[in-house]
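# return atomic coordinates for the entry below.
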Amino acid sequence: MAEGVKIIAINRKARHDYSVDDSYECGIELLGTEVKSFRDGKISFPDAWAEVIKSEVWLRSLRIAENPFSSVFNHDPDRKKRLLLHREEIKRITRKVEEKGYTLIPLSFYFKKGRVKVELGLCKGKKAFDKRADIRERDVKRDVEREFRRTH
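Below is the predicted model:
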């Protein structure tokens, strides 16, 4: 990634289970204690997804652990978070999501210039044979690289 970017978490499972057609960089609306938990890397999003509600994009199933030092002012770890996108991007996403089979999946979370960003992927679910083909392709590529290194 670019300079000044600190990666918090990457959703490796998403690239295995879905084929990513398009991706968007989004801001995320957070509370102060949530940002502290992000800095500590205390997030969990194995089955997180986003949805468009009334021209706003909301992130669901992202769990941000409570900060132990913030006592009374803590946040709800399971609340839905609003994603910040341009109006045109939201319209484009809405048209795609209304098509059959597309869903919005967070691919990674990172800090960029001190702000938390989400890479949101417009994804379509893979079938089992697609996954097997990807694994086979990756194995062949690895074997070719290994052979190339051995000969040179």
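# from here on, contacts and neighbour counts on C-alpha atoms
Noted.
# doesn't I105 lie inside a strand?
Yes: assessed with DSSP: H, G, I helix; E, B strand; the rest coil, I105 lies in a strand.
# bridged to the closest residue to L85 other than its chain neighbours, which residues?
In space, and not counting its chain neighbours, L85 is closest to C26: 5.7 Å by CA to CA, 6 or more residues apart in numbering. Beta bridges link C26 to V118 when assigned by DSSP bridges.
# what's the answer for G125, then?
Per DSSP bridges, residues listed as beta-bridge partners of G125: Y18.
# before we move on, back to that, the residue nearest to L85 is in contact with K112, isn't it?
No: between C26 and K112 there is no contact under CA atoms under 8 Å: 10.9 Å.
# these two: who's more crowded?
Shown here are C26 and K112; by other CA atoms under 10 Å, C26 has more neighbours (19 against 16).
# can you give me the pLDDT of the residue nearest to L85?
At C26, the pLDDT value in this model is 94.
# check contacts around it.
Counting by CA atoms under 8 Å, 6 or more residues apart in numbering, C26 touches L83, L84, L85, K117, V118, E119, L120.
# excluding its backbone neighbours, what's nearest the second one?
Read it as L84. Excluding its sequence neighbours, the residue lying closest to L84 (CA to CA, 6+ apart) is G27, at 4.7 Å.
# how many neighbours does the one you found have?
If we define neighbours as other CA under 10 Å, then G27 has 18 of them.
# for the biggest helix by length in the chain, buried residues please.
Identified as the longest helix of the chain according to DSSP state H is helix 128-151. Within helix 128-151, the residues scored as buried using 16 or more other CA atoms under 10 Å are K131.
# rewinding a little: show me which of the contacts of C26 is closest to R149.
E119 (34.1 Å; CA to CA).
# residue ranges in this structure under the pLDDT threshold?
Along the chain, segments meeting pLDDT under 70 span 1-2, 70-73.
# so which residues of this structure form helices?
12-17, 32-39, 87-98, 128-151.
# give the buried residues for the second one.
This points to helix 32-39. Neighbour-count burial for helix 32-39 [16+ other CA under 10 Å]: T33, E34, V35, K36, S37, F38.
# from the residues you listed, which is closest to R138?
Closest to R138, out of all of those and judged by CA to CA, is F38, at 32.2 Å.
# for K36, which non-adjacent residue is closest in space?
Leaving aside its chain neighbours, K36 sits nearest to N67 (7.1 Å; criterion: CA to CA, 6+ apart).
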